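> following is a predicted model, sequence given first.
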Amino acid sequence: MGINLHKGICASRSASVQLLIFLLLVSAGAIFSSLLSTVYILLTQGLETDMTQNPNLARVIQLIASIGTFLLPALGMAWLCSASPKQYLSIRGIKDPRTWILTFVCMLLLTPVINLLGLLNQQMELPAFLAPVEEWMRAQEDLAERLTMTLLSDNHVEAIIANLIVIALAAGITEEFLFRGALQRVIGKYTTNPHTVIWIAAALFSAFHLQFYGFLPRMLLGAYFGYLLYWGKSIWLPVFAHFTNNAVAVIGMSDSHWKDSEFITGDIPPEHLLDFTLMATASLLLFLLANRLLRRTL
């Protein structure tokens, strides 16, 4: 006897049931993408390959992970929990072209603030009895940094385009579909307070990346993406903002003149901290102004 998984079959289920379905889909997607990646590595590279030394392989594996862990579960949630999957994921167009320009400007203006918050986050130290936890967190951070540098090590045009597709475009679409499109819907079953929904989703979005010394800036970014969805009612707004954030990093890190810039790396030496803080403050004020104009176009 077959299982009838027609559209919206779980739409009337409780918040807890929908949360369970969400977790099961994400887990299944992660397992599927992990198995698929393992098969791909075995067939193309063999057992002894080191992904941190193979940027092309790292891109393929990241793309598989993005689709399997983020996109497919989001589409599954939309199909199971709504009679209108497009409406569930807020897939609708943006009519005013000024919206895209202002979103791009807002993301650029927010970057110094994010970098400054990241610098503060990096100063985090756990109590002595949590030293093993801190060592594990540092190890995860180092691994993520090595993988990122592997992907960005090649500054040829073809590699930059590939990185923009995998790191900026694919990540922007798949992660936003899951965390803003699906997860915010699930959390919204528990509370009608949009701010609670947005910040919980943002915290989970940041925690999922397992980069704890960048937790605060990534959470702030996630919250802003959430507010873009809340204000504009279109998933394409946070997708574009996410793409812009990642694309600026990809292009900046791929350019020999820009890759050491404090604006790109966020590595601010002590002697420049006051000047950078003043710049970030001015940038924040301009961001608030630009964001106000953005909301008027929505």
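Structure received. For clarity, every value in this text was computed on a predicted model and none was experimentally measured.
> quick check, pLDDT for the nearest residue to residue 235 once chain neighbours are set aside.
Nearest non-adjacent residue to residue 235, counting by CB to CB, 6 or more residues apart in numbering: residue 90, 4.5 Å away. For the C-beta atoms, the positions are set from N, CA and C on the backbone; glycine is no exception. On pLDDT, residue 90 comes in at 96.
> the lengthiest helix in the chain: what's the following helix or strand?
In the chain, assigned by DSSP state H, the helix with the most residues is helix 15-44. On the C-terminal side of helix 15-44, the closest following helix or strand by DSSP states H and E is helix 55-65.
> that following helix to helix 15-44, inter-axis angle?
Orientation check (axes from the mean of the first three to the mean of the last three CA atoms, to 10 degrees): helix 55-65 against helix 15-44 gives 150 degrees.
> pull out the buried positions in helix 55-65.
55, 57, 58, 59, 60, 61, 62, 63, 64, 65 (16 or more other CB atoms under 10 Å).
> please apply the same query to stretch 234-244.
234, 235, 236, 237, 238, 239, 240, 241, 242, 243, 244.
> now tabulate the buried residues of helix 55-65 in CSV and tack on distance to residue 123 and pLDDT.
Output for the buried residues of helix 55-65, formatted as CSV (distance: CB to CB, whole Å; pLDDT from 0 to 100):
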residue, distance to residue 123, pLDDT
55, 31, 83
57, 35, 87
58, 29, 86
59, 32, 90
60, 36, 92
61, 32, 91
62, 29, 91
63, 34, 94
64, 35, 95
65, 30, 94
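> mind checking which helix or strand of the chain has the lowest mean pLDDT?
helix 262-265 (a mean of 62; mean pLDDT, DSSP states H and E).
> next structured bit after that one?
helix 273-297.
> which strands and helices sit next to that next one?
helix 98-122 (3 or more CB pairs under 8 Å, 6 or more residues apart in numbering; DSSP states H and E).
> which elements pack onto the very next helix or strand once past the helix it packs on?
Going down the chain from helix 98-122, the next helix or strand is helix 131-152, by DSSP H and E. Applying 3+ CB pairs under 8 Å, 6+ apart, we find helix 131-152 packed against helix 55-65, helix 236-254.
> need the ones you listed in a markdown table (columns: distance to residue 291).
Shown next, in a markdown table, are these (distance: least, CB to CB, whole Å):
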| stretch | distance to residue 291 |
| --- | --- |
| helix 55-65 | 30 |
| helix 236-254 | 11 |
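> those: which one's closest to residue 189?
helix 236-254 (19.9 Å; CB to CB).
> just the angle for the closest one relative to helix 131-152, thanks.
Using the same axes, to 10 degrees: helix 236-254 against helix 131-152 is 80 degrees.
> other SSEs contacting helix 236-254?
helix 98-122, helix 131-152, helix 157-163, helix 171-176, helix 215-232, helix 262-265.
> redo the ones you listed as TSV? Include distance to residue 28.
Shown next, in TSV, are the helices and strands packed on helix 236-254 (distance: least, CB to CB, whole Å):
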stretch	distance to residue 28
helix 98-122	32
helix 131-152	23
helix 157-163	28
helix 171-176	15
helix 215-232	23
helix 262-265	37
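> most tightly surrounded among those?
Ranked by mean neighbour count under mean count of other CB atoms under 10 Å, the helices and strands packed on helix 236-254 are led by helix 171-176, which reaches a mean of 24.
> what average pLDDT does it get?
For helix 171-176, the mean per-residue pLDDT is 97.
> same question for stretch 244-261.
On average, stretch 244-261 scores 79.
> give the contact list for residue 247.
By CB atoms under 8 Å, 6 or more residues apart in numbering, the residues touching residue 247 are 164, 168.
> that one and residue 176, how far apart?
14 Å (CB to CB, to the nearest Å).
> residue 166 too?
The value you get for residue 166 to residue 176, if CB to CB is used, is 15 Å.
> and what of residue 20?
Relative to residue 176, and taking CB to CB, residue 20 is found at 23 Å.
> same thing with residue 128?
For residue 128, the distance to residue 176 - CB to CB - is 39 Å.
> likewise residue 61?
In terms of CB to CB, residue 61 sits 21 Å off from residue 176.
> kindly report the same for residue 214.
18 Å.
> residues contacting the residue nearest to the spatial centre of the chain?
The centroid of the chain falls nearest to residue 175 when counting by CA atoms, centre = their mean (5.3 Å). Contacts for residue 175 (CB under 8 Å, 6+ apart) come out as 66, 70, 205, 242.
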